[in-house]
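Participant: Kindly return the folded structure for what I paste below:
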Amino acid sequence: MKIERNLLLDYQAACKMLPNVKPRVVSNILNSLLDRVRSQVDILHMTADTPEPTIEYCGITLSLSDIHSIRDTPDFGRIKTPPQGARILISLYQAGGLFSERDKKAKVEAVHDELIAYSESEAALIDKTLAIKEAQRKAKEEREERINNPQNLSVTDFTYSLLNDIFFAHLGKCTGQQEMNIGGIPVTKTVLPYRSNSGKSQDFEVVFEFTDENGESQQISKSSMYAGNRRNDADRNHGLPNSRGYR
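Facilitator: Numbers count the residues shown, from 1 in each chain. From the prediction side, this is the model:
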């Protein structure tokens, strides 16, 4: 099972827990190992039954997936090292395989206890991941219940995001005004479009207005990113240059 990414250790932090090791050097070594493994693969003749190629390095047998597990690279964000990758990283370090040829004086020392403990934490992190997913599932169910049954809500439940989802689910998207009864309270939604100065894109100001249980008028809103643009400002001639005769 894939562990929740936020629970994983940063690759740079993992490298720094290995005494006398430079993260940049480790990355270069791993890239070199990947090239060695890939050089054994005949892509044109690979099938589903083709065994994963491996190499020997410092007395350790490494596959392509072993090396990739050390650096879990996302589409964006920081590179992470899962516990499995940390175990392989520790083995390579203890075998003396993470030093450059120039680091003649570098030597293997005791690995930080924190990294060792992390490398053994896979089962615990899987349990935490399952707990997170279960909490997310419950939160999603509760939100869907609120959206599908807005009559059960109270004013204290009102947020911009929830009201917007309720209106969209029951009345669809719009510009102008819509009105719904939510939790026994009439709520008016007003949507005003604003354009960018170029006129090529637009964004909306959205305002929800209602009277709370104490008889006081309330407003929840989201402003448009283009609200302050010249094009949307009559005092600045809606962005049209006066020098060209626009009035």
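
Participant: what pLDDT, on average, does stretch 165-172 get?
Facilitator: Averaging pLDDT along stretch 165-172 gives 97.

Participant: contacts for it?
Facilitator: Residues outside stretch 165-172 that contact it (C-beta atoms under 8 Å, 6 or more residues apart in numbering) are 143, 146-148, 150, 178, 180, 182, 189. Heads up, the C-betas are built off the backbone N, CA and C, glycines and all.

Participant: residues of it that come out buried?
Facilitator: 165-167 (16 or more other C-beta atoms under 10 Å).

Participant: can I get those in TSV with distance to K128?
Facilitator: Shown next, in TSV, are the buried residues of stretch 165-172 (distance: C-beta to C-beta, whole Å):
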residue	distance to K128
D165	29
I166	33
F167	36
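
Participant: Pick out whichever of the residues you listed sits closest to K22.
Facilitator: Nearest to K22 among the buried residues of stretch 165-172 is D165, at 49.3 Å by C-beta to C-beta.

Participant: G184 versus the closest one, what's the distance?
Facilitator: Counting by C-beta to C-beta, to the nearest Å, the separation of D165 from G184 is 19 Å.

Participant: What of H112?
Facilitator: Following C-beta to C-beta, the distance that separates H112 from G184 is 59 Å.

Participant: The two: who's more crowded?
Facilitator: Remark: of H112 and G184, H112 carries more neighbours, 15 against 11, as counted by other C-beta atoms under 10 Å.

Participant: Thought M17 was touching that one, still the case?
Facilitator: Yes. With contact defined as C-beta atoms under 8 Å, H112 counts as touching M17 (4.0 Å).

Participant: quick one on the thing from earlier: which ones among the buried residues of stretch 165-172 map onto helices?
Facilitator: Counting by DSSP state H, those place 165-167 in helices.

Participant: Just list the residues touching I55, thanks.
Facilitator: 33, 36-37, 40, 61-62.

Participant: want to throw those into CSV with neighbour count, secondary structure and pLDDT?
Facilitator: Output for these, formatted as CSV (neighbours: other C-beta atoms under 10 Å; DSSP: H, G, I helix; E, B strand; the rest coil; pLDDT from 0 to 100):
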residue, neighbour count, secondary structure, pLDDT
L33, 19, helix, 96
R36, 15, helix, 93
V37, 20, helix, 91
Q40, 11, coil, 82
T61, 9, strand, 96
L62, 23, strand, 96
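
Participant: Run a quick neighbour tally on L92.
Facilitator: 24.

Participant: Report pLDDT for it.
Facilitator: Value for L92, per-residue pLDDT: 97.

Participant: tell me the phi and psi of it?
Facilitator: Backbone torsions of L92, given as degrees, to the nearest 10, read phi -60, psi -40.

Participant: Quick check: can you list the domain ranges of the protein?
Facilitator: Following automatic domain parsing, one gets these domains for the chain: 5-132, 150-239.

Participant: looking at those, which is closest to K138?
Facilitator: The nearest among the domains of the chain, by C-beta to C-beta, is domain 5-132 at 10.8 Å.

Participant: Could you give the separation of the closest one from the chain centroid?
Facilitator: Distance, stretch centre to chain centre, for domain 5-132: 22 Å (C-alpha atoms, centre = their mean, to the nearest Å).

Participant: do stretch 177-188 as well
Facilitator: 34 Å.

Participant: Give me the buried positions along whichever strand or helix holds K189.
Facilitator: Using DSSP states H and E, K189 maps to strand 185-195. Buried residues in strand 185-195, counting neighbours by 16+ other C-beta under 10 Å, are found at 185, 187, 189-191, 194-195.

Participant: Could you double-check that R38 lies in contact with I67?
Facilitator: No. Using C-beta under 8 Å, R38 is not in contact with I67, being 10.0 Å away.
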